[in-house]
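**Q** Sharing a sequence plus its predicted fold:
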Amino acid sequence: MNRQALVGAFVLGGTGLIVAAFVLFGNFHPFSRTEKAVLVFHGASSGLAVGSPVTFRGVQVGAVDRVVIEYNPTTKDAYIPVFVTMRPDNIVLTNSNIHHRPSMEDLVQQGLRGEMNLKSFVTGTSEIDLDFAPNTPAVLHPEIAHITEIPTKQSTIEAMTKSLQDLPLKQIGENADATLASVRRLSDQLDRDLPALVQSIHETSDHSRDMVDAARKMVTDLEPTLTHTLVSVDRLASTGTNQLDARGRELHAVLLNSNAAVQQATKSLANLESMTSPRSTDRANLEASLRDIAAAASALRGFATDVERNPQLLLTGRRP
């Protein structure tokens with residue numbers, strides 16, 4: 001009897017440990033409020049399985065319950081609805097300092113979106129990440145989802161995969177092949193032409209070295225002559241400076257005399273201008289003298305005419 005009680009107690013204790021393990025380490029939370037939701041993906045869902053975590057910015061808020069394939073033979077489209085169990089009690093909305101626990105519909109209206117990301121590169125498992133993205137349009141599938149649907153968005157890995165798929169890999173390969181062929185032809189041409197080019201460079205270097213040596217020898221030979229020429233030029237510059245200083249004093253004296261002569265000429269011109277002025281007394285006297293001279297010349301001309309007619313007038317003179 002004691003043994004049966006001991007076995008029963010052992011079984012009950014093991015059952016309690018198993019339940020506690022499920023509660024603490026598993027996805028079984030009997031005392032938490034849960035809600036069902038579905039996310040509809042239009043691409044591959046490799047690595048996603050039942051029990052995969054559903055996280056919100058790294059915090060687990062649920063788990064995957066079921067993964068289904070919905071195929072439409074009319075449109076030839078295949079959709080993958082992923083049914084999840086959410087624990088919205090882990091998310092609290094703040095509104096006017098009043099905290100309340102939202103429903104999944106409230107979260108979707110606030111912009112909750114889901115995307116599928118790779119959880120581990122080693123195992124290849126995936127998970128569903130939730131985040132608020134109100135700017136992402138909410139694409140719903142009412143013909144597939146019969147419970148609350150969380151709209152999905154394109155993940156970073158899917159965007160990278162699509163970008164890689166859109167790359168013109170064939171054209172890139174052809175361009176790479178053409179580039180490699182051009183490089184090969186260039187390498188072959190360099191193999192043919194490079195030795196001759198190197199030899200030409202060596203010859204040019206030798207000629208350049210000879211020219212440098214000749215120029216150095218020429219400069220060495222011309223250095224005494226250039227030094228003597230520079231000394232002569234220096235001496236000529238000193239002599240010219242001394243002569244310019246000596247002639248400078250003479251030129252200064254000549255300029256002073258020229259200035260005095262110009263001033264005297266200016267005075268003479270002023271006097272001449274005053275004599276030729278219409279109102280000048282000297283001009284009136286000069287005009288009177290000119291008139292007297294003209295009268296004397298006229299009388300002399302008349303006397304000469306009389307003498308020419310009667311030469312005896314020189315001896316007898318004019319009689320009254």
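**A** Structure's in. What do you need?

**Q** Is there a neighbour count for residue 152? I'd like the number.
**A** Around residue 152 sit 22 other residues, with neighbours defined as other C-beta atoms under 10 Å. Backbone N, C-alpha and C define where each C-beta goes, glycine included.

**Q** continuing past the biggest helix by length in the chain, what's the next helix or strand?
**A** In the chain, taking DSSP state H as the definition, the longest helix is helix 169-275. Sequence order places helix 281-309 as the next helix or strand after helix 169-275, per DSSP states H and E.

**Q** Return stretch 281-299 as CSV; C-alpha atoms alone will do.
**A** Listed in CSV are the C-alpha atoms of stretch 281-299, where the atom choice follows Å, rounded to 0.1, in the frame of the first residue of the first chain:
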residue,chain,number,x,y,z
THR,A,281,50.4,152.7,-76.7
ASP,A,282,53.5,151.0,-78.2
ARG,A,283,51.4,149.7,-81.0
ALA,A,284,49.9,153.2,-81.7
ASN,A,285,53.4,154.7,-81.8
LEU,A,286,54.6,151.9,-84.0
GLU,A,287,51.7,152.5,-86.4
ALA,A,288,52.4,156.3,-86.4
SER,A,289,56.1,155.6,-87.2
LEU,A,290,55.1,153.2,-90.0
ARG,A,291,52.8,156.0,-91.4
ASP,A,292,55.6,158.5,-91.2
ILE,A,293,58.0,156.1,-92.9
ALA,A,294,55.4,155.4,-95.6
ALA,A,295,55.0,159.2,-96.2
ALA,A,296,58.8,159.6,-96.3
ALA,A,297,59.1,156.8,-98.7
SER,A,298,56.3,158.3,-100.9
ALA,A,299,58.2,161.7,-100.9
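
**Q** What ranges does the stretch 1-150 of the chain have for its helices?
**A** Using DSSP state H, counting those that start in this stretch, the helices of the stretch 1-150 of the chain run over residues 2-25, 104-109.

**Q** mean pLDDT lowest for which of the ones you listed?
**A** Per-stretch averages of pLDDT across the helices of the stretch 1-150 of the chain put helix 2-25 at the bottom, with a mean of 65.

**Q** Give the buried residues for stretch 129-149.
**A** If you call a residue buried by 16 or more other C-beta atoms under 10 Å, then stretch 129-149 has these buried ones: 129-130, 138, 141, 145, 149.

**Q** I'd like to know which of those is nearest to residue 284.
**A** Within the buried residues of stretch 129-149, distances to residue 284 taken as C-beta to C-beta reach their minimum at residue 138, with 124.9 Å.

**Q** What residues does the closest one make contact with?
**A** Contacts of residue 138 were listed using C-beta atoms under 8 Å, 6 or more residues apart in numbering, and they are 108, 113, 151.

**Q** So which of the buried residues of stretch 129-149 is the closest to residue 257?
**A** Of all these, the one sitting nearest residue 257 is residue 129; the distance, using C-beta to C-beta, is 109.9 Å.

**Q** And the closest one, what's its pLDDT?
**A** For residue 129, the model assigns a pLDDT of 90.

**Q** Grab the nearest non-local neighbour of residue 151.
**A** On the basis of C-beta to C-beta, 6 or more residues apart in numbering, the spatially nearest residue to residue 151 that is not a chain neighbour turns out to be residue 138, at 4.1 Å.

**Q** How much space separates that neighbour from residue 114?
**A** Distance of residue 138 to residue 114, computed by C-beta to C-beta, to the nearest Å: 11 Å.

**Q** Quick check: neighbours shared by the two?
**A** Counting by C-beta under 8 Å, 6+ apart, the contacts common to residue 138 and residue 114 are residue 151.
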